[in-house]
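> Need a 3D model of the following:
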Amino acid sequence: MEQNQALDKNISFKMLIKFSLPTIISMIFMSIYSSVDGVFVSRLVGTNALSSVNIVMPIVLMIMAIGTMFGSGGNALIAKKLGEGKNREAKENFSLLIVVAFIISSLIAVICYIFLNPLLHFLGADDSIIEYCRDYAIPILVLTPVSIFGMIFHMSFITAGKAHFGLIFSVIGGIVNIILDYLFIAVLGMGIRGAALATGIGYSVPSVVGFIYFLFKRNGSIYIIKPKFDIQVILKSCSNGASEMVTSLSNAVVTILLNNILMRLAGSDGVASITIILYTQGLLASAYMGYSFGISPIISYNYGKQDSERLKKIYKISLRTILVASIVTFSASLLFAGPLVNIFTHSGTNVYDMAVRGFRIFSICFLLMGFNGFASAMFTALNNGIVSAILSFFRTLVFIVISALLLPVVIGIDGVWLSIPVAEVLGVLMTIYYFKKMKSVYNYA
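Numbers count the residues shown, from 1 in each chain. Okay, the predicted model is just below:
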């Protein structure tokens, strides 16, 4: 089978980089064109509008949580079954998850729209930016099912051994997004609503093309067939992808918390500053996160084959690779903090000064974030959603919430910037613990 040949290869640094490179490039590019939204909004609409983007961001993260849960969790199960030789089951599971994801995402979009105003006030919006928030949120909600499909198909292309297709379609979608950002905001003057519409349409490209590919490409190892309902498959996929879902939902909760704290301490300028920092963080962290997601099907496949020697090679090579990537991203964040922030806002402004100082403090997290992300992705790939979810839950929610509530009381606004690095330090301690505890179970070390 084409799929089995794609995943059944000798493990080496060159092989892992080559296999994950399309996903790495794709995630970098997706981060870039997501940041372009922020640049257009900040430069052409204003920093209040940029603050509104971050107010709405928890809704976007909730949508991403569903997509990554089914995408990563479902494909971990599918790749494992391919490794076990259960090819028909893999196709049925793939098709079932698409249907379930569409139903759930549509329900979420409808519920959010019905209660949109109370929801936006809860997320931190005040009367000065509520209309900006509505203008950005409504197009995002309308296109929610399409966005979720895009994330599922992106992971499915990796499992199908066609990661370069996911890259190509993501790049095309990103270019469409950038062009439409300029057209809708700069030319047609649609403001923040244009940014949301451009983003939604950009995400639609890989979704539509992916659906067509998996519906009509019948000689691969996974494609859409008549689904067979199996509640255990749905539950197992959700369990496998729980950590990724927890990460996105935790990010949503943390964003709400930080927005409210910063609105109280520094007003909309503080919210704009954290928005810029998070955009820049996504850009610098995307490379090693792309690596972790990119090699996940290889881990799942070899786990299904019970090939412990290959798992050990993957583990050892990955830790070394992420160490190098983490040092590079940390160094880049310190050296280029000013120029990176300057992309979003003019130097000399209060937002610029606040964001540069905050980003330099925040950059400590780049030394540890890659290891924590790899641990969650690896345990998901090993079909152990419980350990993966525990790591994600404490690292991305519990530790950050405690830090964000306590540190600003002691050291003021710098405590906000420091809360995520502190959480990453505590998270890496948990990662080390579980790496040691679970190595005898999975024989990866």
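> Okay, now the unreliable bits of the stretch 201-350 of the chain?
242-244, 247 (pLDDT under 70).
> What segments of it are helices?
Along the stretch 201-350 of the chain, the segments classed as helices by DSSP state H, counting those that start in this stretch run 231-240, 242-305, 308-335, 337-342, 350-362.
> Out of those helices, indicate the one that is most buried.
Across those, the average number of neighbours (mean count of other C-beta atoms under 10 Å) peaks for helix 242-305, which reaches a mean of 24. (Each C-beta comes from the backbone N, C-alpha and C, glycine too.)
> Now find how far off-centre it is within its chain.
6 Å (C-alpha atoms, centre = their mean, to the nearest Å).
> go on, stretch 89-98?
Taking the mean of its C-alpha atoms, stretch 89-98 sits 23 Å from the chain's own mean (C-alpha atoms, centre = their mean).
> Pull out the buried residues from that stretch.
89, 90, 91, 92, 93, 94, 95, 96, 97, 98 (16 or more other C-beta atoms under 10 Å).
> List of residues touching that stretch?
70, 74, 77-78, 81-82, 149, 152, 156, 214, 221-230, 233-234, 237 (C-beta atoms under 8 Å, 6 or more residues apart in numbering).
> Now the buried members of the residues you listed.
Buried by 16+ other C-beta under 10 Å: 70, 74, 77-78, 81-82, 149, 152, 156, 214, 221-224, 227, 233-234, 237, out of those.
> ok so, going back, which one of the helices of the stretch 201-350 of the chain lies nearest to residue 62?
Among the helices of the stretch 201-350 of the chain, helix 242-305 comes nearest to residue 62, with 5.4 Å by C-beta to C-beta.
> Report the angle between that closest one and helix 231-240.
Relative orientation of helix 242-305 and helix 231-240, computed by axes from the mean of the first three to the mean of the last three C-alpha atoms, to 10 degrees: 110 degrees.
> Report how many residues lie close to residue 306.
By other C-beta atoms under 10 Å, the residues close to residue 306 number 11.
> again but with residue 179, I slipped
Residue 179 has 13 neighbours, counted by other C-beta under 10 Å.
> Then residue 115?
10.
> go on, the one 5 residues further on?
Here the number of neighbours of residue 120 (other C-beta under 10 Å) works out to 25.
> my guess is residue 19 contacts residue 295, does it?
Yes - with contact defined as C-beta atoms under 8 Å, residue 19 and residue 295 form a contacting pair (6.5 Å).
> Quick check: phi and psi on residue 157?
Backbone geometry at residue 157, expressed as degrees, to the nearest 10, gives phi -60, psi -40.
> Go through the buried ones among the contacts of stretch 89-98 and flag which are in strands.
Among the buried ones among the contacts of stretch 89-98, the subset assigned to strands under DSSP state E is empty.
> pLDDT on the helix or strand encompassing residue 55, on average?
Assigned by DSSP states H and E, residue 55 belongs to helix 47-68. For helix 47-68, mean pLDDT rounds to 77.
> Extract the C-alpha set from it and format it as PDB.
Output in PDB follows, covering the C-alpha atoms of helix 47-68 (Å, rounded to 0.1, in the frame of the first residue of the first chain):
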ATOM      1  CA  THR A  47      -5.100  49.200  17.900                       C
ATOM      2  CA  ASN A  48      -8.600  49.100  19.300                       C
ATOM      3  CA  ALA A  49      -9.600  46.800  16.400                       C
ATOM      4  CA  LEU A  50      -6.500  44.700  17.100                       C
ATOM      5  CA  SER A  51      -7.600  44.400  20.800                       C
ATOM      6  CA  SER A  52     -11.000  43.200  19.500                       C
ATOM      7  CA  VAL A  53      -9.300  40.400  17.500                       C
ATOM      8  CA  ASN A  54      -7.800  39.100  20.800                       C
ATOM      9  CA  ILE A  55     -11.100  39.500  22.600                       C
ATOM     10  CA  VAL A  56     -12.700  37.200  19.900                       C
ATOM     11  CA  MET A  57      -9.600  34.900  19.900                       C
ATOM     12  CA  PRO A  58     -11.100  32.400  22.500                       C
ATOM     13  CA  ILE A  59     -13.900  31.700  20.100                       C
ATOM     14  CA  VAL A  60     -11.300  31.000  17.400                       C
ATOM     15  CA  LEU A  61      -9.300  28.800  19.800                       C
ATOM     16  CA  MET A  62     -12.500  26.800  20.700                       C
ATOM     17  CA  ILE A  63     -13.000  26.200  17.000                       C
ATOM     18  CA  MET A  64      -9.400  25.100  16.700                       C
ATOM     19  CA  ALA A  65      -9.800  22.800  19.700                       C
ATOM     20  CA  ILE A  66     -12.500  20.800  17.900                       C
ATOM     21  CA  GLY A  67     -10.500  20.600  14.700                       C
ATOM     22  CA  THR A  68      -7.200  19.600  16.400                       C
END
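> Alright, calling it a day.
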